[in-house]
Every structure is written in structure tokens, then in C-alpha cells.
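K.L.:
Next one to model:
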Amino acid sequence: GTQSRELALAFEKTAKDILDGSLGLWISHEKILGGEPSMNIISDQLSKCNYGIAFITPENINAHWIYFESGAIANKLGLHFMCPYLFNVGFEEINRTPLGMLQALRADREGTLNLIMRLNEITDPSMTKKRVIESRFDRYWDDLYSEYQKIQANYTFSKELSKRKGKLIDVLDKLPQKLH
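P.N.:
Purely as a prediction, here's the structure:
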């Protein structure tokens, strides 16, 4: 969904900055052009990955595509290499979905640091840069959090605008009936 794509892009930029660009990230919706066979492209990209992050939002928590991608990664790499990253979704909500069998992290400071450290562990198994990564995270977290808040505000505004537009259409639909 739109919100999860925006979150993924914000996270990608920050993760690359923190990890010195040592992380190759691929975001499924960003690199697929209209008319392309998306499942083939997704399957090809998933076969090349060594860790997966599913950006879970209220808008996509029940989307079948997120289950497909997450399941493909978990099946290929094992459950401990697939992480649902929860943005305004609680653990109790994710536990009611197929993603509940995966260890999820919240898109808060602690969860994001844990996720960044996990990605660092994959790119640098000796964890030689652990302190450097923690220091960089401290420097970048406020900007990422601010970006997450903007994404939430835009999503909330769009949702409210859609709701009001729907109510206005309902009123206008009823208006001619009252004039007769």
C-alpha cells in the first residue's frame, strides 16, 4: 500500500546512511513497472534476498500480497530472516494473521534499532561496527521518526478527506430527492 511504500522508502534511506550503504535493499512496489509480470519479478528478487522486512500498516495488514511476499522469504530463508515491522499495528493484531508466527518489531525507537542491528549483523557477522552503528542510529533516529510522523499525518489526512468526500457525495445524492 501507499503508506507502507513511503515507510519503506524512508527506512531504506536511513538504513543505508547508518550502515554506510553496505545494504542492498529492494522494495517490491518501487521497481515494478506497469504491465510487467509482477509475480515473476517478485519471485526473482526474493530468490536473491537474505533478509525480508514487511512494512505492516493498518491499510495492508490483511492484504494477500504481503502474506505472499513474507511467506516466500520465510520459506526460502527461514522464519528468523523475515521481520514484520509494525507501524500503528499492535502485536495482538498481527497475531491474528499468518504473519503472527514471525517475530515482529514495532516501528519505534527500540524496534527500529533492533532491526538496524539485525541488518548490520547480516552484512557484518563479526559485529565489528556495533558501537558505530548505535552512534549513527542515535544521530538519524529523530529524522526518521519525524518522517514517520509526516507519513502518518498525510495518511490520516487522506483517509479523513476520503471519508468526508464520501459523506458529501451521500448528501448530494440525497439533495435532489428532497427538492421534489
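
K.L.:
tell me the contacts of Leu86?
P.N.:
56, 94, 104-107, 111 (C-beta atoms under 8 Å, 6 or more residues apart in numbering). (C-beta placed from N, C-alpha, C; glycine too.)

K.L.:
Of these, which is the most crowded?
P.N.:
Neighbour counts for the contacts of Leu86 (other C-beta atoms under 10 Å) peak at Ile56, which has 26 neighbours.

K.L.:
does the residue nearest to the spatial centre of the chain have beta-bridge partners, and which?
P.N.:
With distances taken as C-alpha atoms, centre = their mean, Phe55 lies nearest the centre of the chain, 1.9 Å away. Phe55 forms beta bridges with Tyr85, as assigned by DSSP bridges.

K.L.:
just checking, it touches Tyr85?
P.N.:
Yes. In this structure, Phe55 is within contact of Tyr85 by C-beta atoms under 8 Å, at 5.4 Å.

K.L.:
Quick check: neighbours shared by these two?
P.N.:
Joint contacts of Phe55 and Tyr85 (C-beta under 8 Å, 6+ apart) are 7, 11, 107.

K.L.:
Would you confirm that the last one contacts Tyr85?
P.N.:
Yes. The pair formed by Ala107 and Tyr85 meets the contact definition of C-beta under 8 Å, at 5.6 Å.

K.L.:
Can you check which residues contact both of those two?
P.N.:
7, 55.

K.L.:
quick one: buried residues of stretch 58-70?
P.N.:
Judged by neighbour count (16 or more other C-beta atoms under 10 Å), stretch 58-70 contains these buried residues: 59-61, 66, 68-70.

K.L.:
Sorry, wrong one. I was asking about stretch 133-149.
P.N.:
So for stretch 133-149, counting by 16+ other C-beta under 10 Å, buried means 133, 136-137, 140-141, 144-145, 147-148.

K.L.:
between those residues, which is nearest Val89?
P.N.:
Relative to Val89, the closest of these is Tyr148; by C-beta to C-beta it sits at 13.1 Å.

K.L.:
Quick one: neighbours of Met82, just the number.
P.N.:
25.

K.L.:
That one against Glu69, yeah?
P.N.:
No. Counting by C-beta under 8 Å, Met82 sits too far from Glu69 to count as a contact (9.2 Å).

K.L.:
Identify the contacts common to those two.
P.N.:
Common neighbours of Met82 and Glu69 (C-beta under 8 Å, 6+ apart) are 52, 54.
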